[in-house]
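[1] From the sequence below, what's the structure:
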Amino acid sequence: ARVERLDGSSQVERLEAGAPRFVVRAPAGTFEIAWSYTVLGVEHILGGIDHLLFVFALLLVVSGGKRIVITITAFTVAHSITLISASLGWMSVPGPPVEAIIALSIVFVAAEVLRGLQGHPGMTARAPWVVAFSFGLLHGFGFAGALAETGLPQTSIPVALLMFNVGVEVGQLLFVAAILVAAAVGRRLVTPTPGWVVPAAAYSVGSIAAFWTIERVASFWS
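    Now for the predicted structure:
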């Protein structure tokens, strides 16, 4: 059932045999829309394990507060560009290939971690912001796909897009802060830090991402 309001907004409800009725709600105000899409953004990034693993892999390579800030900012700017562009219909990329490349981006960064530990720092170690920005463009399409499932309120598209993006960034910063705090606590409790910790983390992340890559590529033909 779809209700079209005079202000151009709409309400869509699915009626089932056990619940064949619904309540017509008043149009959502700007604040309500802003809050709803902020929460949606936070929930999406914290539930998007592949996006979080990419950020985690970057943190295994990048050290120093300034470099971390620049790298995370580059990732943020990049996925904001494609998120907005795809959500507004300016760009369109098939979902399955994007999801496969997102998984592959995690494999790439995990491999860069191991190369750096072997004394052969790669591009991620030398210019992490370049890698973060490049792959961030692809991750933005993934965010846009999740937003497309919910849809945008036709009367408040700019607000919804902005606040969804803000929610994604809030969730991302919460995750980064949690990782940095956990690392600091770990260094205090265990001194010196065992040499196997970072390689084990990189192999674990890379293995999971490699499985996702194979699984998502295989889905092309399913």
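[2] Leu59 touches Ile179, doesn't it?
    Yes. Assessed by C-beta atoms under 8 Å, Leu59 is found in contact with Ile179 at 5.7 Å. Where C-beta positions appear, they are placed from N, C-alpha and C, glycine not excepted.
[3] Those two: which is more packed in?
    A count of neighbours by other C-beta atoms under 10 Å puts Leu59 above the other of Leu59 and Ile179, at 21 against 15.
[4] Let me know the pLDDT of that one.
    Confidence at Leu59, expressed as pLDDT, is 92.
[5] Over to Val12?
    On the pLDDT scale, Val12 gets 68.
[6] Same question for the one 10 residues further on.
    As predicted, Phe22 sits at a pLDDT of 89.
[7] Can you tell me, leaving aside adjacent residues, what's nearest to it?
    Spatial nearest neighbour of Phe22, excluding adjacent residues (C-beta to C-beta, 6 or more residues apart in numbering): Glu13 at 4.2 Å.
[8] In contact with the one you found, which residues are there?
    If you count contacts by C-beta atoms under 8 Å, 6 or more residues apart in numbering, Glu13 has them with Ala1, Arg2, Val3, Phe22.
[9] same thing with Ser63?
    No residues are in contact with Ser63 under the rule C-beta under 8 Å, 6+ apart.
[10] So it: helix, strand or coil?
    coil (DSSP: H, G, I helix; E, B strand; the rest coil).
[11] Quick check: the gap between it and Leu180.
    As judged by C-beta to C-beta, to the nearest Å, Ser63 and Leu180 stand 11 Å apart.
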